[in-house]
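Visitor: Predicted model and sequence below, questions to follow.
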Amino acid sequence: QRESLGIGGGGDPVGLYKTEVEPGSCRKTRRCDAGPGGHPSAHHGGSCPRWNFGRAKPFPPVPRNSAPGIWRKKPRCNSTLALGQRRIEGDRVTSYPMSAANSLATVQPMHLAQQPVPEQPKLLALPAAVLNVAVGSLALGGAEYIVLQWAARAAVRHGVRLLVLRDANQEWPTPAGIEITRLGGVDIGRQLEMAGARLAADGNRIVLCHVLLNDERSALARGGALPIPVLHNASAGWLEPGRCLAASGNPPFAIAVSQAAADELRVAAPKLPCAVVRYLPRKRTNHPDARRDWRIRWALREDTIVIGMAGGVKPQKAYPRALRVLAALRAWPALANAHLVILGGPTGRDGLLAWRTVLEQTRRLALEAHVRLPGFVPQAAQCFAAFDLFLNTSRYEGLSIATLEALVGGLPVVASRVGGQGEISSPGLTLV
């Protein structure tokens, strides 16, 4: 997957690793259910080259059947290491909880990387486990899409329990092979406490929490679970202040989808370490006639220059900026037939306002005949074959899934230089 983005290396299809660090580092046991699609080098950073959170370095391809696991740091040294944004000396290291089924005593080391890489710990497999994840809803958003993609990949080898707090009018389809519990948005606090008690009783109380509020994570913790918050956006898009992430159940660490988001969390919650796990989509195989078929559906000719965008219509995405870009491009004679296609509909609290703004801007710039608004399209990446260029004009981002999908599909991408947009390098990516 990283090779398809032009950054080298392979990928762990479930995004969970066990690494073993050579002598010269501090003792530490850590359960790493970070997922999805991350790689161990994305977890490491700081002053010590063997614990380098968030600095992605290429490493050899990992087999597709590679298993999730844990991190094990062996002999201790007297040096001071940087753990995310917290410095730890000597024996002042917190052991991260593990389920009995995943005890170190049961692990039989198996090398997954065939060639050693400088500053990259060895990759070792962990036996199958049951993984827990909670999400606010399965609405048509980027965070929810990542959760389901991770669950589908993890379910190939592991049990996956998915806790969905609320139902949505439009939802992503759920993959087969995962256990889904829906709370229906009713008496959520009490139901989360009960769910936390069940997880604790089953032996693995760790639960990855996506798009959950502090009160909801705290309810899981009261039941006995260990909620790990996952950040999918830049601080401007957080549901609550960063300090709230450290207040719910005293999590040992948080997870962010980009180094930029992790850096913002470091400022907001200095005492909460943060691992970085980036989602890298798989390359999609399109139907040979996909380009022609989508253009026919959108009433676009084959020789039309199509600029594509994808994502919920909300102020964050700054679609009126894209309309101004289209108007400027059409002023060039060679680009007079350029059209803009926006895949997505109103979403979030200010979605309808953003949608009306897009319509008004389209009329004001006299672009009605050159803009297509198909609304939400399930698996929108299948439409990218009809695009000549992909555009992202977001005001802030964690790490845009649509941008990654376009790069994987071989499209040239022009994106705003915000958040984690520049953390995945690719020859086809231009940041402005």
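Guide: Yes, it's here. Computed from a predicted model, the values in this text were never measured in an experiment.
Visitor: quick one: the helices in this protein?
Guide: 142-154, 188-201, 214-223, 259-268, 290-297, 319-330, 351-364, 401-408 (DSSP state H).
Visitor: so what does the second one touch, helix or strand wise?
Guide: This points to helix 188-201. On a contact count with 3 or more C-beta pairs under 8 Å, 6 or more residues apart in numbering; DSSP states H and E, helix 188-201 meets strand 130-135, strand 159-164, helix 214-223. Any C-beta I mention is one placed from the backbone N, CA and C, and that applies to glycine too.
Visitor: I'd like the distance between Leu412 and Ile307.
Guide: Not quite, residue 412 is Pro, not Leu. Using C-beta to C-beta, to the nearest Å, we find Pro412 at a distance of 10 Å from Ile307.
Visitor: In terms of neighbours, single out the busier of the two.
Guide: Ile307 (22 against 16; other C-beta atoms under 10 Å).
Visitor: okay, and the common contacts of Pro412 and Ile307?
Guide: Common neighbours of Pro412 and Ile307, using C-beta atoms under 8 Å, 6 or more residues apart in numbering, are 389-390.
Visitor: and of the helices and strands packed on helix 188-201, who's closest to Gly189?
Guide: helix 214-223 (4.7 Å; C-beta to C-beta).
Visitor: on that earlier part again, go through the helices and strands packed on helix 188-201 and pick out the most buried.
Guide: Ranked by mean neighbour count, the helices and strands packed on helix 188-201 are led by strand 130-135 with a mean of 25 (mean count of other C-beta atoms under 10 Å).
Visitor: Which neighbours in the sheet does it have, and how are they oriented?
Guide: According to DSSP bridges, strand 130-135 forms sheet pairs with strand 159-164 (parallel), strand 206-210 (parallel).
Visitor: and Phe376, which of the ones you listed is closest to it?
Guide: strand 159-164 (18.9 Å).
Visitor: Can you check what angle separates the closest one from helix 188-201?
Guide: Using axes from the mean of the first three to the mean of the last three C-alpha atoms, to 10 degrees, the direction of strand 159-164 lies 170 degrees away from that of helix 188-201.
Visitor: what does strand 159-164 contact?
Guide: 128-135, 137-138, 147, 151, 154, 174, 177-183, 192, 195, 199, 207.
Visitor: now those: which count as buried?
Guide: Among these, those scoring as buried are 129-135, 137-138, 147, 151, 154, 178, 183, 192, 195, 199, 207 (criterion: 16 or more other C-beta atoms under 10 Å).
Visitor: Val377 - how many residues pack around it?
Guide: Per other C-beta under 10 Å, the neighbour tally for Val377 reads 16.
Visitor: how near is it to Pro333?
Guide: 32 Å.
Visitor: before we move on, what about Ala154?
Guide: For Ala154, the distance to Pro333 - C-beta to C-beta - is 52 Å.
Visitor: what residues are up against Leu367?
Guide: 323, 326-327, 330, 340.
Visitor: change it to 10 Å
Guide: 323-324, 326-327, 330, 339-340, 361 (C-beta atoms under 10 Å, 6 or more residues apart in numbering).
Visitor: and Leu231, which of the helices and strands packed on helix 188-201 is closest to it?
Guide: Per C-beta to C-beta, nearest to Leu231 of the helices and strands packed on helix 188-201: helix 214-223, 12.7 Å.
Visitor: CA atoms only: put that closest one into CSV for me.
Guide: Only the C-alpha atoms of helix 214-223 are listed here, as CSV (Å, rounded to 0.1, in the frame of the first residue of the first chain):
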residue,chain,number,x,y,z
ASN,A,214,-15.5,12.4,27.6
ASP,A,215,-18.7,11.4,29.4
GLU,A,216,-19.1,8.3,27.1
ARG,A,217,-15.5,7.2,27.6
SER,A,218,-15.8,7.8,31.3
ALA,A,219,-18.9,5.5,31.4
LEU,A,220,-16.9,2.7,29.8
ALA,A,221,-14.1,3.3,32.4
ARG,A,222,-16.6,3.1,35.3
GLY,A,223,-17.7,-0.3,34.0
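Visitor: by contact count, what packs against it?
Guide: On a contact count with 3 or more C-beta pairs under 10 Å, 6 or more residues apart in numbering; DSSP states H and E, helix 214-223 meets strand 130-135, helix 188-201, strand 206-210, strand 226-231.
Visitor: May I see the PyMOL selection of the buried members of the contacts of Leu367?
Guide: A single PyMOL command selects the buried members of those (16+ other C-beta under 10 Å):
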select buried, resi 323+326+327+330+339+340+361
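Visitor: before we move on, the earlier item: so which of the helices of the chain is the most surrounded?
Guide: helix 401-408 comes out most buried of the helices of the chain by mean count of other C-beta under 10 Å, with a mean of 25.
Visitor: and the angle for that helix with helix 142-154?
Guide: Using the same axes, to 10 degrees: helix 401-408 against helix 142-154 is 50 degrees.
Visitor: how far is helix 401-408 from where the chain is centred?
Guide: 12 Å (C-alpha atoms, centre = their mean, to the nearest Å).
Visitor: got it, and stretch 401-420?
Guide: The chain centroid and the centroid of stretch 401-420 are separated by 14 Å under C-alpha atoms, centre = their mean.
Visitor: and that stretch, C-alpha only, in PDB?
Guide: C-alpha atoms of stretch 401-420 as PDB (Å, rounded to 0.1, in the frame of the first residue of the first chain):
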ATOM      1  CA  ILE A 401      -8.900   9.700   3.500                       C
ATOM      2  CA  ALA A 402     -10.100  11.000   0.100                       C
ATOM      3  CA  THR A 403      -6.700  12.400  -0.600                       C
ATOM      4  CA  LEU A 404      -5.100   9.100   0.200                       C
ATOM      5  CA  GLU A 405      -7.600   7.200  -1.900                       C
ATOM      6  CA  ALA A 406      -6.900   9.500  -4.900                       C
ATOM      7  CA  LEU A 407      -3.100   9.000  -4.500                       C
ATOM      8  CA  VAL A 408      -3.500   5.200  -4.300                       C
ATOM      9  CA  GLY A 409      -5.600   5.400  -7.500                       C
ATOM     10  CA  GLY A 410      -2.900   7.200  -9.400                       C
ATOM     11  CA  LEU A 411      -4.600  10.600  -9.600                       C
ATOM     12  CA  PRO A 412      -2.600  13.800  -9.400                       C
ATOM     13  CA  VAL A 413      -3.700  15.600  -6.200                       C
ATOM     14  CA  VAL A 414      -3.600  19.300  -5.300                       C
ATOM     15  CA  ALA A 415      -4.300  19.800  -1.600                       C
ATOM     16  CA  SER A 416      -4.100  22.500   1.000                       C
ATOM     17  CA  ARG A 417      -1.100  22.400   3.200                       C
ATOM     18  CA  VAL A 418      -2.800  21.800   6.400                       C
ATOM     19  CA  GLY A 419      -2.700  19.100   9.200                       C
ATOM     20  CA  GLY A 420      -1.200  15.800   8.100                       C
END
